[in-house]
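**Student:** coords below, sequence missing:
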């Protein structure tokens, strides 16, 4: 599993509330990524990081922000959750020429 | 035209069959090609990785890349019920530090 953990693994929240998802890695990888996976859309990149405090947007970044204050942690924040953000969220790290994924967080926004 | 096209299936085969999964792509800059396997309610797991054209074999799995046709394949020999999963193709131009472009996945069921 490339030493990646995500927390929480499941979360139910209400529209309009802030939500923070955490990705933690144990192997000191520089690149980290947040994806969401939805039926009919596959995996889509939200944000990624190429170092501490260095982040950039992916293809579906609206409504999301990220932070990386330590190499091992990459946080994804939904400032004000909406029902369209109900999804499964995956964190990934880059190792060599490819990426390895965490176990995912299932988020339901009511 | 989407950058990566993958038939979503579903694909259902009997145990022992040879399975062929495919993706086509439009960006000729892609050089790194990956196949991920994703079991239900789990994260994607890297199955095969290939650089540029050619074949790569790992046990019952063979990955093929034909850059001239912009076509990649994953073959599974002697398929097993434990191979039942969704298979995602992914590719990039410069390796893992660059953003990957994914197909939408093909759902495979191998029936005992």
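**Tutor:** Yes, it's here. This one's a predicted model, so the numbers in the text were calculated from it and none came from an experiment.

**Student:** Next up, the contacts around residue 86.
**Tutor:** I'll assume chain A. By Cβ atoms under 8 Å, 6 or more residues apart in numbering or on different chains, the contact set of residue A:86 is A:107, A:108, A:109. In this view, the C-beta of every residue, glycine as well, is placed from N, C-alpha and C.

**Student:** please go with chain B instead
**Tutor:** Shown in contact with residue B:86 (Cβ under 8 Å, 6+ apart): B:37, B:38, B:39, B:40, B:105, B:106, B:107, B:108.

**Student:** and the residues you listed as TSV, adding neighbour count, pLDDT and secondary structure?
**Tutor:** Putting the contacts of residue B:86 into TSV (neighbours: other Cβ atoms under 10 Å in any protein chain shown; pLDDT from 0 to 100; DSSP: H, G, I helix; E, B strand; the rest coil) gives the following:
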residue	neighbour count	pLDDT	secondary structure
B:37	21	97	strand
B:38	21	97	strand
B:39	12	96	coil
B:40	8	94	coil
B:105	25	94	coil
B:106	21	95	strand
B:107	15	95	strand
B:108	20	97	strand
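
**Student:** quick check, residue B:23 in a helix?
**Tutor:** No: counting by DSSP: H, G, I helix; E, B strand; the rest coil, residue B:23 falls outside a helix, being strand.

**Student:** For the residue nearest to it when sequence neighbours are not counted, grab the count of nearby residues.
**Tutor:** Leaving aside its sequence neighbours, residue B:23 sits nearest to residue B:89 (Cβ to Cβ, 6 or more residues apart in numbering or on different chains; 3.8 Å). By the measure other Cβ atoms under 10 Å in any protein chain shown, the count of residues near residue B:89 is 28.

**Student:** Could you report the distance from residue B:89 to chain A?
**Tutor:** 10 Å (Cβ to the nearest Cβ, to the nearest Å).

**Student:** Then residue B:64?
**Tutor:** 17 Å.

**Student:** picking up where we left off before, for the residue nearest to residue B:23, give the beta-bridge partners.
**Tutor:** Per DSSP bridges, the residues bridged to residue B:89 are residue B:35.

**Student:** Before we move on, what's the pLDDT of it?
**Tutor:** Listed pLDDT for residue B:89 reads 96.

**Student:** In contact with it, which residues?
**Tutor:** Contact partners of residue B:89, counting by Cβ under 8 Å, 6+ apart, are B:4, B:6, B:21, B:23, B:33, B:34, B:35, B:36, B:72, B:74, B:102, B:103.
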